[in-house]
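> Need the 3D shape of this:
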Amino acid sequence: SFDESRRALSSKQLMGEIEQCNKELQKLGHVNKKALDQFQSFNEQRDKLIDRRDEVEKAEESIRSLIEHLDLKKDEAMERT
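Model (predicted):
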């Protein structure tokens, strides 16, 4: 940010600082510029997978409950015969 100490600098000095900043930015040119996009994409995928896992766990519980109910009905039917 532009602070008070830079207000006293001349245009030439400010241009020198900008040039220095640009040189430092060029050194970082090899940094993966898509990293933030990838991070956000991976977070979205993770959230979808967590939601899907929750759905599968609920479905599993429902299936187990149905199997238990059917086993009881089968046992009752076998006792009557």
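> Look up the pLDDT of residue 41 for me, please.
Looking at residue 41, its pLDDT is 95.
> Could you report the neighbour count for it?
By the measure other C-beta atoms under 10 Å, the count of residues near residue 41 is 11. C-beta coordinates here come from the backbone N, C-alpha and C atoms, glycine included.
> can you tell me the helix or strand for it?
Assessed by DSSP states H and E, residue 41 sits inside helix 35-80.
> so what's residue 81 scoring on pLDDT?
76.
> got any ranges where this structure has weak pLDDT?
Low-confidence segments of the chain, defined by pLDDT under 70: 1-4.
> One more pass at 80, please.
1-9, 28-33, 81 (pLDDT under 80).
> From residue 57, how far out is residue 44?
21 Å (C-beta to C-beta, to the nearest Å).
> Likewise for residue 22?
Taken as C-beta to C-beta, the span from residue 22 to residue 57 is 53 Å.
> and residue 14, how many neighbours?
Around residue 14 there are 13 residues (other C-beta under 10 Å).
> One more: residue 79?
Residue 79: 7 neighbours (other C-beta under 10 Å).
> Then residue 21?
10.
> Over to residue 24?
Count around residue 24 with other C-beta under 10 Å applied: 9.
> Adjust the sequence numbering to begin at 558 for everything that follows.
OK, 558 is where the count begins now, so the last one is residue 581.
> Check which helices and strands the helix or strand harbouring it is in contact with.
Applying DSSP H and E as the criterion places residue 581 in helix 568-584. The contact analysis (3 or more C-beta pairs under 8 Å, 6 or more residues apart in numbering; DSSP states H and E) places helix 568-584 against no helix or strand.
> May I have that helix exported as PDB, CA atoms only?
Taking C-alpha atoms only, helix 568-584 is exported to PDB below (Å, rounded to 0.1, in the frame of the first residue of the first chain):
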ATOM      1  CA  SER A 568       8.700  10.500  -9.500                       C
ATOM      2  CA  LYS A 569      12.100   9.200 -10.500                       C
ATOM      3  CA  GLN A 570      12.500   7.500  -7.200                       C
ATOM      4  CA  LEU A 571       9.000   6.000  -7.400                       C
ATOM      5  CA  MET A 572       9.700   4.700 -10.900                       C
ATOM      6  CA  GLY A 573      12.900   3.100  -9.500                       C
ATOM      7  CA  GLU A 574      10.900   1.300  -6.800                       C
ATOM      8  CA  ILE A 575       8.300   0.200  -9.400                       C
ATOM      9  CA  GLU A 576      11.100  -1.100 -11.600                       C
ATOM     10  CA  GLN A 577      12.600  -3.000  -8.600                       C
ATOM     11  CA  CYS A 578       9.200  -4.500  -7.800                       C
ATOM     12  CA  ASN A 579       8.800  -5.600 -11.400                       C
ATOM     13  CA  LYS A 580      12.200  -7.300 -11.300                       C
ATOM     14  CA  GLU A 581      11.300  -9.200  -8.200                       C
ATOM     15  CA  LEU A 582       8.000 -10.200  -9.700                       C
ATOM     16  CA  GLN A 583       9.800 -11.600 -12.800                       C
ATOM     17  CA  LYS A 584      11.900 -13.800 -10.400                       C
END
